[in-house]
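In: give me a model of this one.
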Amino acid sequence: MSAQDELFQLIKCLTPSEKRYFKTNASKGGDDKSNYVQLFDAIDCQAEEYDEELLKKKHAKKPFIKYLSAEKKYLREQVMKQMRAYHVDDSIDNKINELIQDANFQNNKGLVSLNEKSLLKAKELAVRYERYHLLKLILKRLTAFTIEFEKKKITEPVIALINEQKQLAIVQETDLELETKNRELFSIYRSGADISDQHVRNRVDMLINEVERHRMRVGNSFTLGIHFSRANSNYYQLLRDWNSSLISTQQEYQLFQQFPHFKTEISKDYRICLANLMSRAQSAGNNEWFLKALKELKELPCDSFNDEGEVFQNVYFTEHLFHINNGDFEKAEALVPIIVDGLIKYEVKINLARKLAFQFNIMVMYFLMHDFKSALKWTEPLMADNSEIKQHQKFVTVLLLPFIHFELGHEELVESYARSAYRLLQSKKRLHDFERLVIKYLNGMPLSSDRAEFKQKVMEFHSELETLMNDSQINSTLGMEEMSLWAKSHVTGTPMHEQLKNPR
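Out: As a prediction, the model looks like this:
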């Protein structure tokens, strides 16, 4: 990404109030015609994409064009300087740091009483918001202050502060352990790792055992409780134990209710919690909790582009999937234009895994609606992706492609796509019972006009799928339900989306 694009995105993500603040402060002293303010307006006037050639042509006579590169750099620095000033009071970290700086000044000036008050106020905030890294510094300062200025019974308060520092060290160690274990569990889950792979299973079991080892240390800590709950939720997601995963996320949600000040202080984390609650509730078939989390997430105010992007990628993703799973395809399809626009508008905010998941769900939606032409279109970005992210979705896509081409009458392509699917799955060591059954059926699929033979093969395929789906170890394999619905639609004549409206 070019620096010019980054500057354009920086300006475009500012809220109206942030832009007013920048221009008001930039124009103080009558300098409202300065080059960088004019450049700010010129870039802000551009619509969806930054066009430097158009900028040069339209403002050819403006002074900032002559030294455009230098002006851009200066503008970026000024925008960030003003935004730091604008948001200085938004962060608890900033407030605590200001109190520490106040204490430094007061100490240098010999203002002993004020110095102590500033440190104690800083400590109060650091404890309340669990800012362990800052609390460590504050406790050291308070210990030094006590040793220097306490006149009587100096030993007792110093020992108390030393004990606080020791306890803090344990909490910080636990915080690091829980956070890193949770992040690894999440990365394994996000990568689409195969839990039936013994190496993967051994690793996640080891990680969750390490998390469990710290259970007694969590205590009443909000931060430690969040890490602990999220780690368990991600672990159960990997195991496809949807109810246990939902319970863990409900525990995280209850922590935010118990410590409501964190809802605003770390609003992004609260949005993530609500989004996970929606996702877990949906997987567990708990519509009550899904709708509760959806309503609350939609009602949370968005104060920035980042917040808007977070809400978009969580709300619309899960809501779209909710409508599909409940057989309401009209509502699901109505969300597609909104999703397409959002993927463009919030491109810099949306991670690749979520983007691929959006595309995969839309592809599956059209497949279930028997709109195979649209389904084929949405396979393209999934097949073009060469990353290792969401591989399980790509594996399902390669298995669905022969069926899509069959339904479109491209019978000459079915065999070649089946071979391609087999080669890819074999190379990735993903040929398990379900995948082998699909490949076996595709290789034996009768492509002649003999409908009786075709229906007989489909009935056999559906029967074997039913057997697999009744196996508790593999009945949640991604793609299995879609295959079963497709086979049943040919056996009974009932369209796939109609089957979802009236599940067996």
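In: what's the burial count for Ile162?
Out: 12 (other CB atoms under 10 Å). C-beta: built from backbone N, CA, C; applies to glycine.
In: the helices in the stretch 101-250 of the chain, which residues?
Out: In the stretch 101-250 of the chain, the helices defined using DSSP state H, counting those that start in this stretch lie at 112-128, 132-149, 155-190, 198-213, 215-218, 222-238, 242-258.
In: give me whichever of those is most buried.
Out: Most buried of these, by mean neighbour count (mean count of other CB atoms under 10 Å): helix 222-238, with a mean of 24.
In: now the helices of the stretch 101-250 of the chain as CSV including mean pLDDT and distance to His497?
Out: Output for the helices of the stretch 101-250 of the chain, formatted as CSV (pLDDT from 0 to 100; distance: least, CB to CB, whole Å):
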stretch, mean pLDDT, distance to His497
helix 112-128, 94, 51
helix 132-149, 91, 51
helix 155-190, 93, 29
helix 198-213, 95, 34
helix 215-218, 94, 45
helix 222-238, 96, 27
helix 242-258, 97, 23
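In: nearest to Ile344, out of the ones you listed?
Out: Among the helices of the stretch 101-250 of the chain, the nearest to Ile344 by CB to CB is helix 155-190 (22.9 Å).
In: where does the stretch 301-450 of the chain have low pLDDT?
Out: Along the stretch 301-450 of the chain, segments meeting pLDDT under 70 span 447-450.
In: got the domain boundaries for this structure?
Out: If you go by automatic domain parsing, the domain ranges for the chain are 3-86, 92-151, 159-240, 252-350, 381-504.
In: export those domains as JSON lines, with columns for distance to Met365.
Out: JSON lines is the format used below for the domains of the chain (distance: least, CB to CB, whole Å):
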{"stretch": "domain 3-86", "distance to Met365": "27"}
{"stretch": "domain 92-151", "distance to Met365": "42"}
{"stretch": "domain 159-240", "distance to Met365": "20"}
{"stretch": "domain 252-350", "distance to Met365": "5"}
{"stretch": "domain 381-504", "distance to Met365": "9"}
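In: for Leu356, find the nearest of those domains.
Out: Among the domains of the chain, domain 381-504 sits nearest to Leu356 (CB to CB), with 4.5 Å.
In: helix/strand/coil for Glu48?
Out: Per DSSP: H, G, I helix; E, B strand; the rest coil, the local secondary structure of Glu48 is coil.
In: ok, now how distant is it from Lys72?
Out: Per CB to CB, to the nearest Å, Glu48 is found 19 Å from Lys72.
In: got the contact list for Ala325?
Out: For residue 325 the amino acid is Asn, not Ala. Neighbouring residues of Asn325 by CB atoms under 8 Å, 6 or more residues apart in numbering: Gln282, Leu500.
In: hmm, 10 Å instead?
Out: Gln282, Ser283, Gly285, Asn287, Phe290, Ala332, Glu481, Leu500, Pro503 (CB atoms under 10 Å, 6 or more residues apart in numbering).
In: between Glu48 and Lys72, which one's more packed in?
Out: Comparing Glu48 with Lys72 by other CB under 10 Å, the one with more neighbours is Lys72, at 20 against 9.
In: near the closest residue to that one other than its chain neighbours, how many other residues are there?
Out: Spatial nearest neighbour of Lys72, excluding adjacent residues (CB to CB, 6 or more residues apart in numbering): Leu7 at 5.5 Å. The number of residues packed around Leu7, counting by other CB under 10 Å, is 19.
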